[in-house]
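Asker: any chance you could fold what I've pasted below:
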Amino acid sequence: MSNFDDLFRQEKEQSVPQNNRPFDKEAWKQQKQEQREMVYSLIDDTAQTVAQDGAVFQKYLDVQSRFDRYSVANALLILTQKPDATRIADFDTWKEQGAYIRKKESGFYILEPGEEYQRDDGSVGISYNPKKMFDISQTGARKRETPTYPDDRTRIKALMDHAPVSIRISDTLPEGTNALYIPETREIQIRKGMDADSIFRSLSQELAHAEMDKGDGNYSRLNYVFHAYCVSYMLCRQYGIDTNGYRFDRAPQMLQGMDVQEIRAELSVIRDTAGEISGRMNRVLAQQRQQKQQEIER
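Answerer: Numbers count the residues shown, from 1 in each chain. Okay, here's the model as predicted:
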C-alpha cells in the first residue's frame, strides 16, 4: 500500500500564503500613522516653498483655482505631487465610472475627513487621513474638451450678481485706477468705457476687498492688497480671462517671516474669498444654463 503521509508533511512545511495571514491591527495603525506624518510633512514643506518662490506661488494659485473646493492643505499636496492634475478621484470612484488606472501609474495623497474626537479642552475636532488619488491623465478615461466660457456680458453680470456692496460707474477715479472699493460708503466705483477683460480684472479685485471687509469700520485696504490681487488672478483663471499681466515676484516679500501655520492662514483667506465670489457666480451661471435648457425643450 502506498504511503501518502509525505503529502501532509509538505503541506505543513509550506509557508502560509500572504493573503491568509491574520490581520495585524497594530502594524496597520503604524503604517497609517507613518503615512499621515509623511503627508503633513509634505504640506509644511510645500507651504514654505510656496512662500519663498513667486513662480511656485503662482503655480499654487493655478492649482487652487482648478480645485477651488479643496482645502489649502490639499491644494498644496496636489501642487507638490501632481501639479498638472485637472480632475482627481480615488481608485474605486474611477472604477465605478468605467475608467481604469493605467499600469505603472502611482497615485498621490490628499487628506480626507475621518472621525470626530474630543480635544483636551472639550472641543470637538476632526481627524484627517491620507487618501490615495489618481488624476484623469492616469486613467483610460477621455479628458474633458477645452472648457467653454460665458460671453463677456454674462461673465460680468455674474460677477456683479448679489455683490455685498453697490457698484456704480464713476468719472472721478484717479488716473491709473480702473476700480476702487470705498469702505466708508460700502461701494465700488468703476471707470467708464473699459473693455470686458479690464472690467473683470479690476472689478474682481475690488470685490475681493469688499468680501474681506467685515464692515466694522476697521478695514485697512493696505493689509489686503496682495490677497485681493491673488483672488482676482484666481477668478480670471477660472473664467477664462487673460492673466498675462499678473506678477507674483513680491509673494516672498509678503509672506516673509511667517511660520507654516501663518502661511496657510494667509492662503486660506485668499482661497475662501475667491470661493465666496465664484460660488455666487456659479449659481447664477447654473441658473442661466438651466433656463436655456428649458427653453430648448419647450
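Asker: would you mark the buried spots in the helix or strand hosting Gly279?
Answerer: If you go by DSSP states H and E, Gly279 is part of helix 260-297. By 16 or more other CB atoms under 10 Å, the buried positions in helix 260-297 come out as 263-264, 266-267, 269-271, 273-278, 280-281, 284-285. From N, CA and C alone the C-beta is placed, and that goes for glycine too.
Asker: do stretch 129-144 as well
Answerer: Pro130, Lys131, Met133, Phe134, Asp135, Ile136, Gln138, Thr139.
Asker: before we move on, what about stretch 162-174?
Answerer: So for stretch 162-174, counting by 16+ other CB under 10 Å, buried means Ala163, Val165, Ile167, Leu173.
Asker: among these, which lie within strands?
Answerer: Using DSSP state E, Ile167 are the members of those that sit in strands.
Asker: now render the buried residues of stretch 162-174 as a markdown table, adding distance to Gly217 and pLDDT.
Answerer: Shown next, in a markdown table, are the buried residues of stretch 162-174 (distance: CB to CB, whole Å; pLDDT from 0 to 100):
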| residue | distance to Gly217 | pLDDT |
| --- | --- | --- |
| Ala163 | 20 | 95 |
| Val165 | 15 | 96 |
| Ile167 | 21 | 97 |
| Leu173 | 23 | 94 |
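Asker: can you name the next helix or strand after the helix or strand of the chain with the lowest mean pLDDT?
Answerer: In the chain, no helix or strand scores lower on mean pLDDT, DSSP states H and E than helix 5-13, which sits at a mean of 49. Sequence order places helix 25-52 as the next helix or strand after helix 5-13, per DSSP H and E.
Asker: tell me what that following helix is packed against?
Answerer: Helices and strands touching helix 25-52, by 3 or more CB pairs under 8 Å, 6 or more residues apart in numbering; DSSP states H and E, are helix 54-66, helix 72-81, strand 108-118, strand 124-135, helix 251-254, helix 260-297.
Asker: and for Gly215, the neighbour number?
Answerer: Neighbours of Gly215 under the rule other CB atoms under 10 Å: 11.
Asker: tell me how far it lies from Glu184.
Answerer: Noted for Gly215: a distance of 11 Å to Glu184, by CB to CB, to the nearest Å.
Asker: what does stretch 270-286 contact?
Answerer: For stretch 270-286, contacts defined as CB atoms under 8 Å, 6 or more residues apart in numbering pick out 61, 64-65, 68-69, 71-72, 75, 150, 154, 157-159, 161-162, 204, 207-208, 211-212, 227-228, 230-231, 234-235, 238-239.
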